[in-house]
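Enquirer: sequence first, predicted coordinates after that:
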Amino acid sequence: MSSGNARPKPRPKTVKFKYIFPDDYNPVYANGTYGGVTSKKEIALNFFTERQAIPRTEEYELNPNLTLSDTKITEPKDLPIIRYITGGVIFNTREAKALHAWLARVIAEADRLLAEEARVEAAQKEDSTDG
């Protein structure tokens, strides 16, 4: 059999991805990020939820009618801000750039939708004041 007559297979026009989720998959809320370049020159990105710490104890004075007064003593007195790490990822720079481009597209779409929503609300408000 001669290899000179063999034709290359045509390249596929599409590719289909199937996403598989673990049984305990559950997206979590994050309101901040922390990270940077690792020793291997990759990008580390950690997600956290920031909140005020909850005191170990609170003590209130009682009013004569046995309701709580506004005066309270907390332990500890100075409560730090907590940053609870909810997860993190490490990217190579190629994937980090792809994430950056994707985020730019998604942010532009979210901004467009928010602007459209604001225009509709403003028009509805104007219509309600005209009548």
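Expert: Structure received.
Enquirer: so who does the residue nearest to Phe91 when sequence neighbours are not counted touch?
Expert: In this structure, Phe91 finds its nearest non-sequential neighbour in Ile43, 4.6 Å apart by C-beta to C-beta, 6 or more residues apart in numbering. (C-beta placed from N, C-alpha, C; glycine too.) By C-beta atoms under 8 Å, 6 or more residues apart in numbering, Ile43 lies in contact with 35-37, 90-93, 96.
Enquirer: could you give me the buried positions within the strand or helix carrying Lys97?
Expert: In this assignment (DSSP states H and E), Lys97 forms part of helix 93-130. By neighbour count with 16 or more other C-beta atoms under 10 Å, helix 93-130 contains the buried residues Ala96.
Enquirer: off-centre distance for it?
Expert: Distance of helix 93-130 from the chain centroid (C-alpha atoms, centre = their mean, to the nearest Å) equals 16 Å.
Enquirer: closest one to Leu113 out of the contacts of Ile43, please.
Expert: Ala96 (25.8 Å; C-beta to C-beta).
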